[in-house]
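Peer 1: Model the structure of this input:
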Amino acid sequence: MALWPLTRRGSAAGALALTAALALTACGSDTGGTGTATTDASASAAGGAQLVKPGKLTVCTNIPYEPFQFKDASGKVVGFDVDIVDLAAKKLGVEQEIVDIDFAVIKSGAAMAAKKCDVAAAGMTITPERQQNIDFSVPYFDATQALLAKKGTGATSLEDVKAKNLKLGAQASTTGLDYVKKQGFDPTEYADSPKELLALQAGQADVIVQDLPVVLTWLKKPDVAEKFELIASLDTGEQYGVGLKKGADPVLLKTINDEITKAKSDGTYEEIFVKWFGKKPGELG
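Peer 2: Numbers count the residues shown, from 1 in each chain. Sure thing, here's the model as predicted:
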């Protein structure tokens with residue numbers, strides 16, 4: 001969701017982006033989100049930024065991907081990504097509104113092209129493939145992949161996973177999946193991170209690859225920590241970025257970049273980081 005992570009999500013061809021965008025436009029606005037974005041790009045302007053919905057910074061994401069974006073006990077979507085984007089929303093003088101949508105539609109650029117949202121914040125790794133279809137903000141998170149395994153496997157690396165013929169699982173459309181495939185693996189793919197964890201718990205997989213922060217969040221839960229363990233971190237050199245429509249509105253892009261840069265310099269970023277990860281930047285690994 002690390003991925004995205006720097007990790008989370010895999011690339012889509014330009015043809016897929018165009019097809020998905022047309023499909024989204026045709027099928028209307030029922031995406032399972034909290035609001036519906038108008039298709040009139042000139043409907044509103046906040047601080048000079050053109051937004052798809054008046055008074056709102058509409059954000060596409062894929063829930064749940066704790067701690068980046070997930071629903072709290074009250075049903076409100078919260079998380080690290082939410083707080084980061086909120087910096088730009090407040091600067092523009094608008095409210096953030098979140099649309100929950102399939103990640104493949106986000107990473108392909110189709111969601112923004114079809115005016116379902118202004119930006120995407122979904123633990124999305126900046127990759128050359130994705131940059132063909134969407135623009136990215138400056139990086140706001142350095143991601144690392146991790147291997148979570150049932151206790152007792154004796155594995156401490158991907159090499160051990162292969163040598164012991166362990167069943168490997170990965171989240172579909174993620175950079176974690178791409179990484180292990182490049183290492184010669186053919187993992188079972190799961191639609192989202194909760195399904196991936198369920199597969200591990202059900203014994204369908206012996207080991208899964210996922211963004212490190214997501215794995216660390218899972219291990220805070222007693223039922224997970226009792227039976228599973230982090231066996232390795234994979235430094236894949238990934239960075240997350242906020243995604244925007246290709247040829248992004250320069251005012252919106254500049255506002256997001258400026259607010260991320262400012263937050264990193266004035267201590268706000270560190271406060272948000274500690275809030276969601278319990279550690280300072282650079283201390284997660």
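
Peer 1: give me the low-pLDDT residue ranges for the stretch 151-285 of the chain?
Peer 2: The stretch 151-285 of the chain contains residues with pLDDT under 70 at 285.

Peer 1: Okay, helices next: where are they in it?
Peer 2: For the stretch 151-285 of the chain, the helices defined by DSSP state H, counting those that start in this stretch occupy 158-163, 175-182, 193-201, 212-218, 222-227, 250-266, 268-277.

Peer 1: Quick one: closest of those to residue 53.
Peer 2: Among the helices of the stretch 151-285 of the chain, the nearest to residue 53 by CB to CB is helix 250-266 (13.1 Å). For glycine as for every other residue, the C-beta is placed from the backbone atoms N, C-alpha and C.

Peer 1: Off-centre distance for that closest one?
Peer 2: 19 Å (CA atoms, centre = their mean, to the nearest Å).

Peer 1: So what angle separates the directions of that helix and helix 268-277?
Peer 2: With axes from the mean of the first three to the mean of the last three CA atoms, to 10 degrees defining the directions, helix 250-266 sits at 80 degrees from helix 268-277.

Peer 1: closest to residue 58 out of the helices of the stretch 151-285 of the chain?
Peer 2: helix 250-266 (11.3 Å).

Peer 1: Would you mark the buried spots in the closest one?
Peer 2: Within helix 250-266, the residues scored as buried using 16 or more other CB atoms under 10 Å are 252, 253, 255, 256, 257, 259, 260, 263.

Peer 1: try stretch 231-242
Peer 2: Residues of stretch 231-242 classed as buried: 231, 232, 234, 236, 238, 239, 240, 241, 242 (neighbour count, 16+ other CB under 10 Å).

Peer 1: Quick one: mean pLDDT for stretch 81-91?
Peer 2: On average, the pLDDT along stretch 81-91 is 98.

Peer 1: Could you list the buried residues of it?
Peer 2: Neighbour-count burial for stretch 81-91 [16+ other CB under 10 Å]: 81, 82, 83, 84, 85, 86, 87, 88, 89, 91.

Peer 1: Those residues into JSON lines, with extra columns for distance to residue 268 and secondary structure?
Peer 2: Shown next, in JSON lines, are these (distance: CB to CB, whole Å; DSSP: H, G, I helix; E, B strand; the rest coil):
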{"residue": "81", "distance to residue 268": "15", "secondary structure": "helix"}
{"residue": "82", "distance to residue 268": "14", "secondary structure": "helix"}
{"residue": "83", "distance to residue 268": "9", "secondary structure": "helix"}
{"residue": "84", "distance to residue 268": "10", "secondary structure": "helix"}
{"residue": "85", "distance to residue 268": "13", "secondary structure": "helix"}
{"residue": "86", "distance to residue 268": "11", "secondary structure": "helix"}
{"residue": "87", "distance to residue 268": "7", "secondary structure": "helix"}
{"residue": "88", "distance to residue 268": "12", "secondary structure": "helix"}
{"residue": "89", "distance to residue 268": "14", "secondary structure": "helix"}
{"residue": "91", "distance to residue 268": "12", "secondary structure": "helix"}
